[in-house]
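# Quick one, what's the 3D model for this:
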Amino acid sequence: MKLGDRWVCQSSLREAVAPHLHELATRTDMVAHLAILGSTEICFLDSAGGRTRLGAPTRVGWCLPAHCTALGKAMLASLEPEEVDARYTYGITQCTPLSAHTLADLHSELTKVRAHNGLAIERGECFANVGCVGMALRGPGGGVRAISVAGDVRNPALDRVAPIVAAAARKIESDLCVTAATT
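Numbering: from 1, shown residues only. Sure thing, here's the model as predicted:
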């Protein structure tokens, strides 16, 4: 029921972002995602697939730990450090040997994301074979949301697609502001 409520509330966001996800997937030949932030997890609202399918559970409606995904780190970095602390009062569970395992590690990662204007890159932190580039979306409507592309962790294109993800996020933010102003 909770997921159903979340779905209904986010349907207009999904509709607005869907064309951008498809374009992002086409341009990068990776899987593009839209997600929102729960307390300490992300929930996938939509995805568009590239030719390369991931060996990871990134289906719409699935939730993953925020601290070990580029989507989650991008969204957490948009919050004040004290709010991040409040969300992780029970500590952090490591998903792979590469993911943050302490709150200090997470804050170090979030500092890097902020230094890169909100762009987060992760390689094998949630799933050993998957890498991801994500960026939070700012704008009207409340909630913390982000887009990303994901692919094989060994793919050197992950670094090269970062500007494409950033440009798509800015375009989506602009479109969301225009839509909010006309409604």
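
# confidence score at the residue most central in space within the chain?
In the chain, the C-alpha nearest the mean C-alpha coordinate belongs to residue 71, at 1.9 Å (Cα atoms, centre = their mean). Looking at residue 71, its pLDDT stands at 96.

# What helix or strand is it located in?
helix 70-77 (DSSP states H and E).

# Can you list the helices and strands that that helix packs against?
strand 31-37, strand 41-48, helix 103-115, strand 119-123, strand 130-137, strand 145-152 (3 or more Cβ pairs under 8 Å, 6 or more residues apart in numbering; DSSP states H and E). C-beta coordinates here come from the backbone N, C-alpha and C atoms, glycine included.

# got JSON lines for these, with distance to residue 62, mean neighbour count and mean pLDDT too?
Compiled in JSON lines, the helices and strands packed on helix 70-77 are given as follows (distance: least, Cβ to Cβ, whole Å; neighbours: other Cβ atoms under 10 Å; pLDDT from 0 to 100):
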{"stretch": "strand 31-37", "distance to residue 62": "10", "mean neighbour count": "25", "mean pLDDT": "94"}
{"stretch": "strand 41-48", "distance to residue 62": "5", "mean neighbour count": "21", "mean pLDDT": "93"}
{"stretch": "helix 103-115", "distance to residue 62": "21", "mean neighbour count": "16", "mean pLDDT": "96"}
{"stretch": "strand 119-123", "distance to residue 62": "17", "mean neighbour count": "24", "mean pLDDT": "94"}
{"stretch": "strand 130-137", "distance to residue 62": "13", "mean neighbour count": "27", "mean pLDDT": "94"}
{"stretch": "strand 145-152", "distance to residue 62": "13", "mean neighbour count": "26", "mean pLDDT": "93"}
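
# By mean pLDDT, flag the weakest helix or strand of the protein.
helix 2-28 (a mean of 77; mean pLDDT, DSSP states H and E).
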